[in-house]
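*Asks:* what's the 3D shape of this:
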Amino acid sequence: MMPPHYFQIICCPKCKSDLKVNSARKNELRCQKCNSLYPVVEDIPILLYETEDKVSQYIKQFYDSQWKRNEKGVLKARIKHEDMSDIGQLYIRRNENRFLSLFNRQQERESGLFLDAASGAQPRIEFGENFSRHVCLDFSLDGLLESRKLLGKRAICICGSLLNIPIKDSVCDGVIASHVIYHIDKNLQADAVRQLAQVLKPGGKMLILYANPHSPERLIYKGIKKILRRKDATTGENIYYYIHPVSYMLKVLSADFDQAKIEVKFLRMFTRGLTKFLFKNRLLGRLSYQTILAAESIFRHNPQAASYVCYIAEK
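*Replies:* Okay, here's the model as predicted:
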């Protein structure tokens with residue numbers, strides 16, 4: 001059965017009330033207010049209710065198949081989303097590791113709770129390693145089972161949606177949403193950000209890894225597609241995404257955070273599609289990598305030059 005400390009964190013996604021084990025069925029939870037019932041599968045509470053919006057249904061279906069490993073033991077979703085070359089992985093880590101210091105305070109090491117929003121099967125272990133507990137929230141059970149294997153006893157795995165977060169308000173010391181918000185329906189992304197802000201403690205920090213639709217690379221690519229009259233698909237092998245501009249995201253964050261405590265930072269200049277091409281050849285890839293680093297050192301003060309940005313907010 002679920003460890004007792006889960007009940008200090010989880011709540012009913014419908015009414016945000018406390019949950020308890022259903023006396024009639026041990027592998028089921030009951031809301032103490034609205035009496036809604038939720039199953040527990042392999043000690044993971046399934047805290048989902050109502051029919052999800054169409055985009056969420058599509059994303060869930062996509063990851064139910066993609067959080068599987070191929071014959072080489074690599075997650076299919078990781079292959080789809082990342083440049084898996086050695087240089088490509090180095091490029092990703094180098095840029096993301098600049099933000100690890102956001103979550104390294106002493107009090108977090110002692111008792112902190114870190115929320116990994118929509119973690120899937122790839123929990124951001126390096127960002128949450130200074131916290132006593134690492135909460136993985138996702139609507140893919142397969143993804144959560146993978147995360148629990150990686151995190152061990154530190155893991156608190158909860159099956160739920162970012163649009164109905166089944167976590168009590170003001171319990172998390174840190175939150176990361178890594179490249180997930182833009183896979184939510186464009187009209188619902190602000191609601192997901194608001195709910196993430198609600199579970200954050202006063203003084204806690206939130207890091208959102210997001211994309212920038214107005215980066216030079218994306219604008220050039222958009223211009224080429226327009227000339228060729230091509231359109232992005234959101235079905236089949238192409239996963240749904242919608243990227244709001246920086247000004248919109250800052251406005252969304254300002255509704256839940258003190259504006260003085262919101263920042264947008266340069267994450268990386270180029271997307272997987274371009275780096276996969278540039279880094280394909282090892283020799284030319286190293287030269288391209290050094291050229292990219294030099295360019296980023298010049299433009300890093302300007303988030304609008306980046307294809308991916310970070311939003312940092314403190315409660």
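
*Asks:* L37 and G73, how far apart?
*Replies:* Noted for L37: a distance of 37 Å to G73, by CB to CB, to the nearest Å. C-beta coordinates here come from the backbone N, C-alpha and C atoms, glycine included.

*Asks:* looking at those two, which one has more neighbours?
*Replies:* Between L37 and G73, counted using other CB atoms under 10 Å, the more crowded position is L37 (13 against 6).

*Asks:* any idea how far the more buried one is from S140?
*Replies:* Relative to S140, L37 is positioned 21 Å away (CB to CB).

*Asks:* can you pull out the strands in the chain?
*Replies:* Ranges of strands in the chain, per DSSP state E, are 19-21, 28-31, 37-41, 44-45, 113-117, 133-138, 155-159, 172-178, 200-211, 262-268, 308-314.

*Asks:* let me have these in CSV, extended by distance to S147 and mean pLDDT.
*Replies:* CSV is the format used below for these (distance: least, CB to CB, whole Å; pLDDT from 0 to 100):
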stretch, distance to S147, mean pLDDT
strand 19-21, 21, 94
strand 28-31, 20, 96
strand 37-41, 14, 96
strand 44-45, 10, 96
strand 113-117, 8, 97
strand 133-138, 4, 97
strand 155-159, 6, 97
strand 172-178, 13, 96
strand 200-211, 17, 96
strand 262-268, 23, 97
strand 308-314, 22, 97
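
*Asks:* where does the stretch 51-200 of the chain dip in pLDDT?
*Replies:* Filtered on pLDDT under 70, the stretch 51-200 of the chain yields the residue ranges 51, 105-111.

*Asks:* could you dump the strands of the chain into CSV and include distance to I59?
*Replies:* Output for the strands of the chain, formatted as CSV (distance: least, CB to CB, whole Å):
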stretch, distance to I59
strand 19-21, 25
strand 28-31, 25
strand 37-41, 20
strand 44-45, 19
strand 113-117, 13
strand 133-138, 11
strand 155-159, 14
strand 172-178, 14
strand 200-211, 16
strand 262-268, 22
strand 308-314, 19
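
*Asks:* so which of those comes closest to P166?
*Replies:* For those, proximity to P166 was assessed by CB to CB; strand 155-159 is nearest, at 6.2 Å.

*Asks:* which other residues reach the closest one?
*Replies:* Strand 155-159 is contacted from outside by 5-6, 9-10, 41, 44-48, 123, 133-141, 144-145, 147-148, 166-167, using CB atoms under 8 Å, 6 or more residues apart in numbering.
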